[in-house]
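> Show me the folded form of this:
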Amino acid sequence: RCADVTGVQTCALPISGDSSINLRTGSHIHHPQHGLGKIESIGKRSFSGAKAETYMQVFFEREELTLIARADEITQEIRKPISATEARELLDGISSWNEKVKTQWKARADTHQSALDSGDPEACAKVFKNLSRLESEGKLRQADRNHLKHALEMLTDELSRALGKRRSQARRLIMDAAGA
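This next block holds a predicted model:
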């Protein structure tokens, strides 16, 4: 499933939500816990005398984290970053969502944590919108503040890359869409 194409290692691997994706050095991916990352290398490695397997080295800029993982394991967690069209749809959704926010803090925190853990951009956008509304009413608990910050960071990463904007510009678009 992996080949060396003009000096660049390329792998066609299954990823969550898709049948497969061609990943190669320089490809961008989204990981639910670490956000957007860039594949720095793909290659065969052997650790502790075990049979050589294909590994990916991915750098996550926001966290300044380099992750080395087996390609078949990491692809169970990642997805392709959103497109510019999907980014604009997310901003429109943030502007128009008017869901009722759970008032019981524990249920709300659990729901928001699950949404953030999923890495789904629409779920993150809903968390951001809901908690932005509560923040404007002065009703945020510490867990809510942490979730709001995390959702904004994840959305900022996604939108800045998808729309070709600086992080500060993407953040402003998100805040404007939320009416914050």
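> contacts, neighbours, all on C-alpha from now
Noted.
> Arg45: how many residues sit nearby?
A count of neighbours around Arg45, defined by other Cα atoms under 10 Å, yields 14.
> For it, give me its contacts.
By Cα atoms under 8 Å, 6 or more residues apart in numbering, the residues touching Arg45 are 52-55.
> and it, how far is that from Ala71?
11 Å (Cα to Cα, to the nearest Å).
> Which residues are in contact with each of those two?
By Cα under 8 Å, 6+ apart, the residues touching both Arg45 and Ala71 are 54-55.
> All the helices of this protein, residue numbers only.
For the chain, helices defined by DSSP state H occupy the ranges 71-74, 84-96, 105-118, 121-136, 142-163, 167-178.
> average pLDDT across the third one?
Just to be clear, that refers to helix 105-118. Averaged across helix 105-118, the pLDDT comes to 91.
> So for Asp176, what's the pLDDT?
pLDDT, Asp176: 94.
> Also Ile15?
As predicted, Ile15 sits at a pLDDT of 47.
> now Leu173
Leu173 is given a pLDDT of 97.
> likewise Val8?
So, for Val8, pLDDT stands at 49.
> about what we covered before: from the contacts of Arg45, keep the buried residues only.
Among the contacts of Arg45, the ones that count as buried by 16 or more other Cα atoms under 10 Å are 54-55.
> For Arg171, which non-adjacent residue is spatially closest?
Among residues not flanking Arg171 along the chain, Thr156 sits closest, at 5.4 Å (Cα to Cα, 6 or more residues apart in numbering).
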